[in-house]
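Student: with the sequence up front, the predicted model follows.
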Amino acid sequence: MKVAVIAEWLSTYAGSERVLEQMIACFPEADVFAVVDYVPELERGFLQGKVPKVSFIQQLPLAREHFRHYLPLMPLAVEQFDLSGYDLILSNSHAVAKGVIAGPDQLHIAYVNSPMRYAWDLQPQYLREAGLERGVKSWLVKWFLHGLRSWDQHTSNGVDVFLANSRFIARRIWRVYRREAEVLYPPVDVSNFSLHEAKEGFYLTASRMVPYKRIDLIVEAFRAMPDKTLVVIGDGPEMAKIRAKAGPNVTLMGYQSFNVLLDYLQRAKAFVFAAEEDFGILPVEAQACGTPVIAFGKGGALETVRGQTDDRPTGVFFTDQTSTAIQAAVSLFEEMQDRLSPAQCRENALRFSTERFNREYHALVMAAWEAFRCQGSIRRG
């Protein structure tokens, strides 16, 4: 069985790359393909010695710094990969990877982190954040996204089996492609986050500072609660805006190393999370440290955090993305803090371990492969 693993843009080691890492671990003989590969040498360990075969976009002008600007060419790029010599195609997709061309005697299993959010239900939000709601450039982008949606939907026919990284994404897959998807939560290396029972008096949030993470709302909420302390770890284009909103009880630490982040995750009273994520790794990592989570009650957080109505809660949900709702959730958290034990949080996080992902992913792929082989035998008979 010859195996091909398809990724999209490789530039750092983040959530999608963690999935790719475990796909390679499950099928170490596989060849790896990627639209571009600009991962720095010091971060290439997750590729386990593999050198991905890349598309023509790798050689285009300024692609290293601005490869995302070549998104209009990426459907064409991924279709140019010659996969005719492979039996099993495993794509890891949040944009175009699932659009590779497969033949009738090949099995294509797509692990979908999300259909392209900016082309589907979150298009208005992305256009708003990019300042592209009006004008000629806005209409050009909308026309391109219209075509991208058609391509994305059409290429779903080339996928034999869909795997979704959460029930939330499985519903999005059904909405967009009208295809059922098995839910397989992504791997979280909970072994790197040890239980820490003793908590201190500060709250923590950590993220890249981009609009949809809504760090600004968290900072606004704590500015209105001067008796409470918030620590913010992370950097990004929203930093100046967030710094302007921070009160004296908010400490902005900027980008920090993993060891510093781990230390704060372990000691924090609670981790505050205001984004609507497809899955969301940081809330799981916080719980692996024994730290409860105060989260926006939409998206993947509903599946990774046990909220206030659960018999064994690991956090508190708020239902509106507003600073007022966050303040109310913090108050509720402090009222029920005795019910949120560090051991419960750690136990909940273990459901998302790397070992669990590897075991389940390998089993799902091999079961699909055996069923595919049997169907092929029946057709040939």
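Tutor: The structure has been received and is ready for your questions. Numbering: from 1, shown residues only.

Student: using CSV, list the CA coordinates for stretch 139-152.
Tutor: The C-alpha atoms that make up stretch 139-152 are tabulated as CSV, following Å, rounded to 0.1, in the frame of the first residue of the first chain:
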residue,chain,number,x,y,z
TRP,A,139,-16.3,43.1,-5.3
LEU,A,140,-13.2,41.4,-6.8
VAL,A,141,-12.6,39.5,-3.6
LYS,A,142,-16.3,38.5,-3.3
TRP,A,143,-16.2,37.3,-6.9
PHE,A,144,-13.1,35.2,-6.2
LEU,A,145,-14.7,33.7,-3.1
HIS,A,146,-17.8,32.9,-5.1
GLY,A,147,-15.7,30.8,-7.5
LEU,A,148,-13.7,29.3,-4.6
ARG,A,149,-16.9,28.1,-3.0
SER,A,150,-17.9,26.3,-6.2
TRP,A,151,-14.5,24.6,-6.5
ASP,A,152,-14.6,23.6,-2.9
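
Student: for that stretch, which positions count as buried?
Tutor: The neighbour-count check on stretch 139-152 (16 or more other Cβ atoms under 10 Å) flags V141, L145, L148, R149, W151, D152 as buried. From N, CA and C alone the C-beta is placed, and that goes for glycine too.

Student: I'd assumed Q123 was in contact with the second one.
Tutor: When you say that, I think you mean L145. Yes: between L145 and Q123 a contact is recorded at 6.0 Å, counting by Cβ atoms under 8 Å.

Student: what is the neighbour count of the residue nearest to F144 when sequence neighbours are not counted?
Tutor: Sequence neighbours aside, P72 is the residue nearest to F144 in space, at 5.9 Å (criterion: Cβ to Cβ, 6 or more residues apart in numbering). Residues near P72, counting by other Cβ atoms under 10 Å, number 12.

Student: which among the buried residues of stretch 139-152 gets closest to S84?
Tutor: W151 (21.2 Å; Cβ to Cβ).

Student: what's the nearest residue to that closest one if we skip its chain neighbours?
Tutor: Going by Cβ to Cβ, 6+ apart, W151 has P75 as its nearest residue, at 5.1 Å.

Student: what about the helices in the stretch 1-150 of the chain?
Tutor: Ranges of helices in the stretch 1-150 of the chain, per DSSP state H, counting those that start in this stretch, are 15-26, 63-66, 74-79, 123-129, 136-155.

Student: again with the stretch 151-300 of the chain
Tutor: Under DSSP H, counting those that start in this stretch, the stretch 151-300 of the chain gives helices at 167-177, 215-223, 239-245, 258-267, 281-288.

Student: so what touches the longest one?
Tutor: This means helix 167-177. 112-115, 120-121, 152-153, 156, 162, 164, 179-183, 278-279, 299-300, 302-303 (Cβ atoms under 8 Å, 6 or more residues apart in numbering).

Student: all set, thanks.
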